[in-house]
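Asks: Here is the input, now give the coordinates:
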Amino acid sequence: MNTQNLPNLVAPLFHAPDPGALKPEASPHAPRILLLYGSVRERSYSRFATLEAARILEALGAETRIFDPSGLPLPDGAPSSHPKVQELRELSAWSEGQVWCSPERHGAMTAILKAQIDWLPLSIGAVRPTQGKTLAVMQVSGGSQSFNAVNQLRVLGRWMRMITIPNQSSVAKAFEQFDEAGRMKPSSYYDRIVDVMEELMKFTLLTRDAAPYLTDRYSERKEASAALEQRVQLQAI
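Replies: Take a look at the predicted model:
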């Protein structure tokens, strides 16, 4: 690897991609998927859609957990030691992939879902709780089909350094798509959720074991090297 024409680089920290590192030994356990939804109403269509997604994921071989946002405080409205915050963060750390499903309210995702994401900081000490995890985004709408919420969720997924899959689900007139028991009726909307969960499983299996390598960055290696050098210098004084 020739870096002579790149004088700004710290050559020892500049690594060419290693194809072998992209094919690590596969983990034997089932993919771990956390699902978040954005409504606490008794008849919540985002929760119904999330439950349907979880059933599909389990049929595809995943282990799923669903976080109940009831009782979660507003961001900065309580210490991070709050039990619901700790539960959410522990579930995020456990997961290898996530599903975020929000109703569209006033042309945007709900505050309930945003609060859950806001409680997941980019870093907790040396741990980045969402970096490298896969993400599928979904929304339900009371009216005609829209993509405002899923578009916003994609921006958040990128900000949280997640691998957001290409496919997505937007269920229009959600009140027509679920029966009295909360089960989704057969439709093209249901088929799309199946497609999205199938794709999420494939991306999770493809990337979960290589995630530490995929998210290893030159700038962070450089920063860590500088911090180590400074510490060694201080110890030598």
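Asks: what's near enough to touch the residue nearest to T164 when sequence neighbours are not counted?
Replies: Leaving aside its sequence neighbours, T164 sits nearest to G157 (Cβ to Cβ, 6 or more residues apart in numbering; 4.0 Å). Placement of C-beta: from N, CA and C, glycine included. Listed by Cβ atoms under 8 Å, 6 or more residues apart in numbering, the contact set of G157 reads W100, L135, V137, T164.
Asks: ok so G157 is a helix residue?
Replies: Yes - the assignment for G157 (DSSP: H, G, I helix; E, B strand; the rest coil) places it in a helix.
Asks: ok, L60 - how many residues close by?
Replies: 16 (other Cβ atoms under 10 Å).
Asks: Quick check: pLDDT value at K222.
Replies: Per-residue pLDDT puts K222 at 85.
Asks: again, but for the one 3 residues further on
Replies: According to the per-residue confidence, S225 scores 72 in pLDDT.
Asks: contacting residues around it?
Replies: Contacts of S225 (Cβ under 8 Å, 6+ apart): V10, L13.
Asks: before we move on, which element is it in?
Replies: Using DSSP states H and E, S225 sits within helix 218-236.
Asks: helix, strand or coil for P17?
Replies: coil.
Asks: Now it. Its backbone dihedrals?
Replies: phi -60, psi 140 (degrees, to the nearest 10).
Asks: How much space separates it from Y218?
Replies: 12 Å (Cβ to Cβ, to the nearest Å).
Asks: With E90 instead?
Replies: Counting by Cβ to Cβ, the gap from E90 to Y218 is 31 Å.
Asks: cool, Q145 as well?
Replies: Distance of Q145 to Y218, computed by Cβ to Cβ: 41 Å.
Asks: M160 too?
Replies: Between M160 and Y218 the computed distance is 21 Å (Cβ to Cβ).
Asks: More neighbours: these two, which one.
Replies: More neighbours surround M160 than the other of M160 and Y218, with 20 against 12 (other Cβ under 10 Å).
Asks: number of nearby residues for the closest residue to that one other than its chain neighbours?
Replies: Leaving aside its sequence neighbours, M160 sits nearest to T130 (Cβ to Cβ, 6+ apart; 4.2 Å). Look at T130: counted by other Cβ under 10 Å, it has 22 neighbours.
Asks: Kindly report the same for T164.
Replies: Applying other Cβ under 10 Å, we find 23 residues neighbouring T164.
Asks: who does it bridge with?
Replies: Listed by DSSP bridges, the beta-bridge partners for T164 are L135.
Asks: isn't it right up against V137?
Replies: Yes - at 6.7 Å, T164 counts as touching V137 under the criterion of Cβ atoms under 8 Å.
Asks: what's the overlap in contacts for these two?
Replies: The contact sets of T164 and V137 overlap at R154, G157 (Cβ under 8 Å, 6+ apart).
Asks: Strands of the protein, start to end?
Replies: 32-37, 63-66, 97-103, 134-140, 163-164, 169-171 (DSSP state E).
Asks: and of these, who's closest to W119?
Replies: In terms of Cβ to Cβ, the element of the strands of the chain nearest to W119 is strand 32-37, at 10.6 Å.
Asks: what mean pLDDT does the closest one have?
Replies: Averaged over strand 32-37, pLDDT sits at 98.
Asks: Note down every partner strand of that strand and its orientation.
Replies: According to DSSP bridges, strand 32-37 has these partners: strand 63-66 (parallel), strand 97-103 (parallel).
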